[in-house]
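**Student:** 3D, please:
(chains A and B)
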2 protein chains.
Amino acid sequence: MRTSIATVCLSGTLASKLHACASAGFDGVEIFEPDLVAAPESPEEIRALAGRLGLTLDLYQPLRDVEGVDEEQFAAVLRRAEAKFALMRRLGMDLVLCCSNVSTATIDDDDVSAAQLRRLGELAQRYGVRIAYEALAWGRFVSDYRRAWEIVRRAGHPAVGMCLDSFHILSRGYDPVGIERIPGDRIFFVQLADAPLLSLDVLSWSRHHRLFPGEGGFDLVGFTGHVLRAGYRGPLSLEVFNDTFRQTDVEATARHARRSLRWLEDGVARADDLGESASVAMLSDSAAPSGVDFVELKAEDASAVEAVLVAAGFTARGHHRTKPVALWTAGSARVVVNEQHARGLAPHLAAVGFEVDDADAMTRRADELLAPRVHRRTYAAEQRLDGAVAPDGTEVFWSQAPDAGEPDWVAEFEHGEEPVTGPIVGVDHVSLTQPWQVFDEATLFYTSMFGLHEESSTEVASPSGLVRSRVMASPDGRIRIPLNVAPPIIAQRGAQSGLPQHVAFACTDVVAVAQQARTRGLVLLRIPDNYYADLAARTDLPEERIALFRSLGIVYDRAGDAEYLQFYTSTIGQVFFEFVERCGGYDGYGAGNAPVRLTAQGVQDSHEAVRVGTPG
Amino acid sequence: MRTSIATVCLSGTLASKLHACASAGFDGVEIFEPDLVAAPESPEEIRALAGRLGLTLDLYQPLRDVEGVDEEQFAAVLRRAEAKFALMRRLGMDLVLCCSNVSTATIDDDDVSAAQLRRLGELAQRYGVRIAYEALAWGRFVSDYRRAWEIVRRAGHPAVGMCLDSFHILSRGYDPVGIERIPGDRIFFVQLADAPLLSLDVLSWSRHHRLFPGEGGFDLVGFTGHVLRAGYRGPLSLEVFNDTFRQTDVEATARHARRSLRWLEDGVARADDLGESASVAMLSDSAAPSGVDFVELKAEDASAVEAVLVAAGFTARGHHRTKPVALWTAGSARVVVNEQHARGLAPHLAAVGFEVDDADAMTRRADELLAPRVHRRTYAAEQRLDGAVAPDGTEVFWSQAPDAGEPDWVAEFEHGEEPVTGPIVGVDHVSLTQPWQVFDEATLFYTSMFGLHEESSTEVASPSGLVRSRVMASPDGRIRIPLNVAPPIIAQRGAQSGLPQHVAFACTDVVAVAQQARTRGLVLLRIPDNYYADLAARTDLPEERIALFRSLGIVYDRAGDAEYLQFYTSTIGQVFFEFVERCGGYDGYGAGNAPVRLTAQGVQDSHEAVRVGTPG
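**Tutor:** A predicted model of the protein is given here:
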């Protein structure tokens, strides 16, 4: 399919938008009129620039309030439209979007509207222009695409056809299957937008909260299937009004947008048997990762991290043959501690590695999805490691899952100790702090690249504001990545004083881990007594069990008969560790305990770490 | 009236919240349970701290899902409630909020709910506790305060009464007049929150978008009148869930909150004849300002500002007797250019002066409203000038309006030229750029201090994102302050590269001003040709008039028969000037032209100022 994007989706000037769309690989653009009106370049210059960049100018938008009006008003419409058709000739454009009338319509009669569209079509035809009529979800009389089609049908003019916009159809809950009853050659244009499922007036929802396909709650794979089955073969074009994307870097956002269409096309190709003519291409196949290969922490001086790992019961597996990098393991949890190229950096989570079934296919898929690739220096006899930079800057690597046991790269570490079996068995989840402006892009990144899905979404109160959290997980739950957005004022203070990242390790017996760690003098996060008083009030846990939890700083959650036990280390730089035990199929993250944890972390920041201390 | 505030309104730890509420002058607080649960202090410590600070602990909140349940569930409710009542005894508290059941109710029967509340009341009474039952707007069966009252009435127990929350009543559109039919001594507590009028599901609206009284669209003066007429004499308490206030500085937000109650009390006192017993106090009377006394620009080197003022036709009125400050005037527009204490500062709008009827009353009012006062050094024989710091940091002064002619302080400037009469006649409006986190506080500041009101609200697309704009105006329109919020990503880059402020001067003949300015070589903002092509397409303006506008960079708006003409200087530091002419009663700000202006300003930033140049 050809791809296009409305200039209104992006930040910057019209010229910079054209450059960005071309570099992201779009075939064409919709020109949003206010972008042209504000541009210093003449229409001829814009036309020439698009030509040089290899972009087609697919749709001029929008012409508003044209139909359902009285004759006097319609005369003014024709006058205004003619000026725009002349302008389009200068731009070399042949398709204009006409939205259903919102503000001036007084005549609620399909025949009147059809006759007016026909007259507009006759005028347009003289300029070599065609009209794509679209039902706005908040149109005065016409808000349903099926009614718009009836009007277009009655207009019966070759220069008058339909524009279908997924938002206007799906936001109102109209069944998109009716699209298949419209002849494909009468669908002049298709605009795509996803959106979160909000209970908000449809105009505000549309103007501020649209998302790129794959980021919201609409079934755009299904929608696009209907469009293609109707026989439409024009461009699939993104029209996404979003307050954030209007601000973010134009080049990055254009690539992000293009990725969403690539993901959509793959979904359509897999879902439907549309035949050759639809020319929708699949991405290189890649199943969701089967596990976490490693997590990497980076710091100029990582001693504090290593001290925690020792105390928690990790085994030092030695240092890398060629790099100032150490490996620590516990069960299948592998923590790479990296001091290379880390001058001035406090400890932070720099990378995550996934185990995949076909690393080469994954690499091809990453390229097809325009993912920015990571360079990692490797030497002969070292395992190749491909990776991409996630929107928040975290490096995400993938490598072939070993048939059994540890992956080959572990052998690159020397002078280490033998692994032992203990109560820590692997990585449960990896929580990444997201700048607010990449939150939705990150969703698409993990969905399209790794086949993760949004498992749950919540908001957690912290002393510095609400933290938004969204968990991306693989179908079998072996990969769990909670993405957390800090409240903006905290986020502005920079990563150091913002919301920390964390790695949660899965344990078979978290009480044993906590007891051992305490014996070894590990600094744990202090949980207030009030928490345990509340726990006693709201559960029927035996007193002794609560006393045990209190003595170890363990917090508790329950869902039905399933239980979740957690404890936290103090924060080191920008990261802390969590140790968790899931019992009886518990599938959450103890969100109810997060406010207590966040408050305790804030208190820790201001009073220095409270050392639990070795018992006397 | 006694005042109170829920700790959930504020950022920080429970202890820091108590300190902030006490310094802002609140009489008491509501303790939000999660704040206590997360606090390291024991209940006894919190009680003692509140005691030392002179704060009463008015309401413990909330106890959820207590009524409308089966017997087995109710047994668990009693168990949980008893633990909380015991906790309240440790806190020295005697009132708890019970919300109507949201999640566990299965029995939709007022008699069952009443019986359960009565049993809960009996238990509470044994701990010296009373229960305030509240209908949540999204309660499963009970969402209307009138039904909640019927249940409380049937419960017929002295320890069971009502909590009324303005949000839960007004958000659902329930008529608050029914409050007056509830005996005052059965209303145990009143919570107040304002909110913008949104079409959003009521739960999200309540949890994220509540505002302090005076900042939203609810009639809280009317609401509070009903409460007082019912005979309620307990505290008026703020419960405002707001994503921003949860992040902002706790001390400043507590003062801001307290100011909102002071404003509300004044409104109630003026609206109603409630008699002595209600003890609501008016603020010192102060009519809205009658005009702009001056605007003050500050910079280490203000030469560029002065060059623009010269070219625009302002008269240099000399320099101040004691300070490195110059005065420029045109008509009644007075621009003070200040180079004192400005090291390193680029030109920016530092202060605005208002003319008021009674400057002393205004000063008293400012103090009553806890406005942070400005210190301005004055010497003998200089006019005293009182002022306050607006939430965005702009200094706002007030002084006695002169009976006629120029104010006395003009005489403090020496060696100037005589004023001349020209086409610039005064200040039309002053646009102030607001950090997003003080936008609502700024509304309340201008409303409560100066009697301005929100005249209009809009959003304007810029190349860097949407700019939110809200105009605060005096009833007669002589004071107009558009408050603009930059898109967050731009705002983070700091004032220098963010959204500029501006002063708009009113002209009787803006074409003449532009022509003169052009003759004198003033650098104007370049408006693209595409704008004028679009203007021709969408209006019936004669070609010559459009050509004249184009030659001068004048942009145009029309509303009915009223017209608005504007042109802009280039930006100097963080500020630019605008010259406007209102014809036929035009009452807007040319919002439709703002995207073109914002784009041109962005282009100017990247290509340096384009000099219109003196004609040959």
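**Student:** Strands of the stretch 101-250 of chain A, start to end?
**Tutor:** Counting by DSSP state E, counting those that start in this stretch, the stretch 101-250 of chain A has strands at residues A:130-134, A:160-165, A:187-192, A:236-238.
**Student:** from those, which stretch is densest packed?
**Tutor:** strand A:236-238 (a mean of 27; mean count of other Cβ atoms under 10 Å in any protein chain shown). C-beta coordinates here come from the backbone N, C-alpha and C atoms, glycine included.
**Student:** Counting by contacts, list what that one packs against.
**Tutor:** Using 3 or more Cβ pairs under 8 Å, 6 or more residues apart in numbering or on different chains; DSSP states H and E, the elements in contact with strand A:236-238 are strand A:3-6, strand A:187-192, helix A:250-271.
**Student:** circling back: got the strands of the stretch 101-250 of chain A as TSV, with mean pLDDT and distance to residue B:427 columns?
**Tutor:** Listed next are the strands of the stretch 101-250 of chain A as TSV, based on pLDDT from 0 to 100; distance: least, Cβ to Cβ, whole Å:
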stretch	mean pLDDT	distance to residue B:427
strand A:130-134	98	44
strand A:160-165	98	45
strand A:187-192	98	45
strand A:236-238	98	44
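**Student:** Now tabulate the ones you listed in JSON lines and tack on distance to residue A:258.
**Tutor:** What follows is the strands of the stretch 101-250 of chain A, written out as JSON lines (distance: least, Cβ to Cβ, whole Å):
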{"stretch": "strand A:130-134", "distance to residue A:258": "23"}
{"stretch": "strand A:160-165", "distance to residue A:258": "19"}
{"stretch": "strand A:187-192", "distance to residue A:258": "12"}
{"stretch": "strand A:236-238", "distance to residue A:258": "9"}
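**Student:** Please, which helix or strand holds the nearest residue to residue A:116 once chain neighbours are set aside?
**Tutor:** Using Cβ to Cβ, 6 or more residues apart in numbering or on different chains and skipping the chain neighbours, the partner closest in space to residue A:116 is residue A:67 (4.5 Å). Taking DSSP states H and E as the definition, residue A:67 sits outside all helices and strands.
**Student:** and the gap between residue A:67 and residue A:126?
**Tutor:** Residue A:67 sits 19 Å away from residue A:126, going by Cβ to Cβ, to the nearest Å.
**Student:** the more surrounded of those two?
**Tutor:** In this view residue A:67 and residue A:126 are compared by other Cβ atoms under 10 Å in any protein chain shown, and residue A:67 has more residues nearby, 28 against 10.
**Student:** what about the more buried one, distance to residue A:120?
**Tutor:** Applying Cβ to Cβ to residue A:67 and residue A:120 gives a distance of 8 Å.
**Student:** Identify the contacts common to the two.
**Tutor:** Listed contacts common to residue A:67 and residue A:120 are residue A:98; contacts here mean Cβ atoms under 8 Å, 6 or more residues apart in numbering or on different chains.
**Student:** How about the one residue sitting closest to the centre of chain A: what's its closest non-neighbour residue?
**Tutor:** Nearest to the mean C-alpha position of chain A, counting by Cα atoms, centre = their mean, stands residue A:443 at 2.2 Å. Spatial nearest neighbour of residue A:443, excluding adjacent residues (Cβ to Cβ, 6+ apart): residue A:215 at 5.3 Å.
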